[in-house]
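>>> I would like the atomic coordinates for the input below:
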Amino acid sequence: MNTSLIRGRHVVCRVTGPDAADVIEDGAILQRDGEIIEIGPAAALRARHPDVPEIGSRHHLVIPGLVNAHHHVGVASTLLGCLDGPLELWLTEMFARRDVDPYLDTLWGSMLLLRSGVTTVMHNVVRWIPPAGDPLLHDTARILTAYGEAGLRVAYSVAMKEQNRIVYGDDAKFLGTLPPSLADALGARLGGSLSGDGYLALFEEMQRRHASGGDRVRLLLSPSNVQWVSDELFQRITEAARRHRTGIHMHLAESAYQRAYALQTFGKTPVAHLHDLGVLGPHLSCAHGVWLSDEDLERLADAGAVVCHNPSSNLRLQNGVARVPRMLERGVIVALGADSSGLNDDQELLQEVRLASALHRAPRHDGDRLTPAQLLHMATAAGARACLLGDRVGSLEVGKRADAVLVNIDRLGDRLGTTAELPILALLVQRGRAEHIDTVLVDGEIVFADGHCTRIDEAAVLKELRGRFAEPDKPHEQERRSIVDSLRPHVRAFYRDWPGGANPLDGADA
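Coordinates of the predicted model:
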């Protein structure tokens with residue numbers, strides 16, 4: 001039986017309001033076989049359970065395990081040959097990324113996530129042109145195996161695209177504007193891509209093979225975005241989600257161009273279109289949500305849908321700043337994700353917390369700003385809600401799973417050895433970094449301690465990845481790079497005369 005006391009000078013159990021959290025001073029958590037059994041003062045729990053091993057000390061802040069609510073890959077795209085740029089051009093560049101074995105990639109990502117205090121991740125597999133089902137089934141097995149070995153929880157989905165896969169326009173028409181050799185090369189790939197029927201069959205097979213993962217694995221559906229999926233398939237996916245009692249995770253209104261596409265194609269915003277299709281609901285989580293109107297926010301709030309905020313990615317891919325204070329004011333549930341594009345390419349969610357804190361501050365003395373409690377809620381309970389795990393993780397409460405992070409308070413105060421008696425959540429938001437994390441537990445098991453993941457042979461993973469990247473590009477990788485180099489000017493030309501939009505932060509109902 002795995003039983004332990006998880007102790008800290010401050011134990012943050014849960015956020016209870018915009019400016020409030022349930023914090024136990026000199027507290028402890030008793031967990032047994034991964035379930036939280038008792039919470040209270042450390043002295044009282046120690047007296048009742050004198051023989052139980054203790055993890056942590058008065059030098060630690062204990063918080064719920066962090067949830068990265070939007071994630072794609074482990075090895076940063078920059079390191080695979082894909083530099084930042086406007087989203088629509090960057091998506092094209094992603095086709096030329098070097099290949100990485102999905103198992104090794106996920107282990108590498110897990111190492112970064114765990115050392116940054118993440119215990120649950122929303123992993124969304126994206127392919128520029130989704131292949132037929134067998135390769136995706138193979139990748140799914142490799143990815144879920146890696147997460148299982150690392151000890152992370154995962155809400156997993158494969159993103160579907162069936163139309164407008166090269167640009168936000170009809171595939172055949174766009175191919176007709178290209179030089180014949182380039183059109184033939186791209187057309188051959190489109191011809192072998194995943195169909196709507198194939199996608200639904202893929203999900204059923206994923207359910208059959210992997211749905212028994214308990215609290216550690218959630219399988220979700222993912223119609224990638226309104227420009228990439230037909231209305232009919234959206235409705236079929238929504239019905240499949242209801243039938244399997246699972247969720248839908250998708251990208252939404254990430255760029256001004258995506259909003260412009262919806263207005264031109266449907267005569268309404270992406271959110272209004274999803275509302276009319278019957279897609280909105282508490283089962284839905286949407287990454288980015290940068291270009292949302294007040295009416296969009298009302299619809300999302302009424303539906304109980306979650307917006308997964310990705311501040312670093314939104315800035316790096318030139319999409320703007322999401323209206324997070326307004327979302328929270330209107331009652332939208334907002335989670336936080338690194339989108340595999342953190343400022344330092346390191347998957348560090350505490351840095352996303354700090355960036356969100358600095359980014360959403362109106363330039364007025366009485367202006368909007370996010371409180372430390374709101375930010376912690378975004379990085380924990382709201383993310384768990386997006387992953388359909390809100391009843392199991394996201395807070396430290398009796399009956400929930402013992403996913404916890406121990407932050408070293410002394411190091412949080414730097415070498416000066418002082419925390420200046422600041423409120424502990426404010427100190428965490430202002431200064432917290434991965435290097436301050438001593439221990440990470442999932443289901444009460446230590447999965448990261450003393451600077452290393454306990455269940456991963458980090459040196460072996462690093463050696464294998466270095467060996468792969470030391471090799472020259474393979475012929476098919478060279479071919480993809482050649483296609484992208486030829487395609488780039490045509491994609492730029494396609495978007496040259498597209499309308500932009502008002503910045504959502506300028507006070508207009510964008």
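>>> okay, domains of this protein per the record?
3-64+398-453, 66-386 (automatic domain parsing).
>>> buried sites along the host helix or strand of Ala188?
Secondary structure from DSSP states H and E places Ala188 in helix 180-191. By 16 or more other Cβ atoms under 10 Å, the buried positions in helix 180-191 come out as Leu182, Ala183, Ala185, Leu186, Arg189. C-beta: built from backbone N, CA, C; applies to glycine.
>>> straight-line length of stretch 322-340, end to end?
18 Å (Cα to Cα, to the nearest Å).
>>> run the chain-centre distance for that stretch.
Mean-position distance between stretch 322-340 and its chain equals 13 Å (Cα atoms, centre = their mean, to the nearest Å).
>>> how far does the helix holding Ala188 sit from the chain's center?
Relative to its chain's centre, helix 180-191 lies at 32 Å (Cα atoms, centre = their mean).
>>> so for that helix, mean pLDDT?
The average pLDDT within helix 180-191 is 93.
>>> so what does the helix or strand just after that helix touch, helix or strand wise?
Later in the chain than helix 180-191, the nearest helix or strand by DSSP H and E is helix 196-210. Where contact means 3 or more Cβ pairs under 8 Å, 6 or more residues apart in numbering; DSSP states H and E, helix 196-210 is packed against helix 133-150, strand 153-160, strand 217-219, helix 231-244.
>>> how far off centre is the lengthiest strand in the chain?
Longest strand of the chain, by residue count under DSSP state E: strand 3-17. Centre-to-centre, strand 3-17 and its host chain are 24 Å apart (Cα atoms, centre = their mean).
>>> equivalent analysis for stretch 62-71, please.
Per Cα atoms, centre = their mean, the centroid offset for stretch 62-71 relative to its chain is 9 Å.
>>> end-to-end on that stretch?
End-to-end distance for stretch 62-71: 24 Å, by Cα to Cα.
>>> now swap in stretch 429-439 and tell me
Using Cα to Cα, the end-to-end distance of stretch 429-439 comes to 18 Å.
>>> what's the burial count for Ala146?
Look at Ala146: counted by other Cβ atoms under 10 Å, it has 24 neighbours.
>>> right, and it touches Thr106 too?
Yes: under the criterion of Cβ atoms under 8 Å, Ala146 is in contact with Thr106, at a separation of 3.6 Å.
>>> and the next element down the chain from the helix or strand hosting Trp108?
Trp108 belongs to helix 102-115 when assigned by DSSP H and E. Later in the chain than helix 102-115, the nearest helix or strand by DSSP H and E is strand 118-125.
>>> is it fair to say Leu350 lies in a helix?
Yes: checked against DSSP: H, G, I helix; E, B strand; the rest coil, Leu350 lies within a helix.
>>> show me what the longest strand of the chain is packed up against.
Partner elements for strand 3-17 (3+ Cβ pairs under 8 Å, 6+ apart): strand 20-32, helix 42-48, strand 54-64, helix 372-379, strand 404-408, helix 424-431.
>>> of the helices and strands packed on helix 196-210, which is nearest Glu295?
Judged by Cβ to Cβ, the one of the helices and strands packed on helix 196-210 that comes nearest to Glu295 is helix 231-244, at 20.0 Å.
>>> could you check the angle the closest one makes with helix 196-210?
Going by axes from the mean of the first three to the mean of the last three Cα atoms, to 10 degrees, helix 231-244 is angled at 20 degrees with respect to helix 196-210.
>>> list of residues touching helix 231-244?
In this structure, residues lying in contact with helix 231-244 by Cβ atoms under 8 Å, 6 or more residues apart in numbering are 160, 162, 196, 199-200, 203, 207, 219-221, 223, 226, 229, 247-248, 274, 277-279, 283.
>>> mind doing that once more with 6 Å?
Defining contact as Cβ atoms under 6 Å, 6 or more residues apart in numbering, one finds that helix 231-244 is touched by Gly196, Leu221, Pro223, Ile248, Leu277, Val279, His283.
>>> buried residues in stretch 303-310?
For stretch 303-310, the neighbour count (16+ other Cβ under 10 Å) marks Ala303, Ala305, Val306, Val307, Cys308, His309, Asn310 as buried.
>>> between the residues you listed, which is nearest Tyr156?
Nearest to Tyr156 among these is Cys308, at 14.8 Å by Cβ to Cβ.
>>> what's near enough to touch the closest one?
Contacts of Cys308 (Cβ under 6 Å, 6+ apart): Ala69, His70, Ser285, Ala287, Ala335, Gly337, Ala386.
>>> list the helices and strands the strand or helix carrying the first one packs on?
What it means is Ala69. In the assignment (DSSP H and E), Ala69 maps to strand 66-71. Where contact means 3 or more Cβ pairs under 6 Å, 6 or more residues apart in numbering; DSSP states H and E, strand 66-71 is packed against strand 118-125, helix 381-386.
>>> per-residue confidence averaged over that strand?
Average pLDDT, strand 66-71: 98.
>>> next: stretch 330-340.
Mean pLDDT, computed over stretch 330-340, is 97.
>>> then stretch 216-224?
97.
>>> in that stretch, which residues are buried?
For stretch 216-224, burial by neighbour count (16+ other Cβ under 10 Å) applies to Arg216, Val217, Arg218, Leu219, Leu220, Leu221, Ser222, Pro223, Ser224.
>>> got it, and stretch 197-216?
Gly198, Tyr199, Leu200, Leu202, Phe203, Met206, His210, Asp215, Arg216.
>>> can you name the residues that contact Asn310?
By Cβ under 6 Å, 6+ apart, the contact list for Asn310 reads His70, His288, Gly337, Asp339.
>>> tell me what the second one is bridged to.
Each beta-bridge partner of His288 is listed here, defined by DSSP bridges: Leu252.
>>> hang on, isn't it packed against Met250?
No: the criterion here is Cβ atoms under 6 Å, and His288 misses it with Met250 at 9.8 Å.
>>> how many neighbouring residues does Ser195 have?
Ser195 is flanked by 14 other residues according to other Cβ under 10 Å.
>>> what's the per-residue pLDDT of it here?
Looking at Ser195, its pLDDT stands at 95.
>>> equivalent analysis for the one 10 residues further on, please.
Model confidence at Glu205, expressed as pLDDT, equals 96.
>>> for the nearest residue to it once chain neighbours are set aside, give its distance to Val353.
Leaving aside its sequence neighbours, Glu205 sits nearest to Leu137 (Cβ to Cβ, 6 or more residues apart in numbering; 6.2 Å). Distance of Leu137 to Val353, given as Cβ to Cβ, to the nearest Å: 35 Å.
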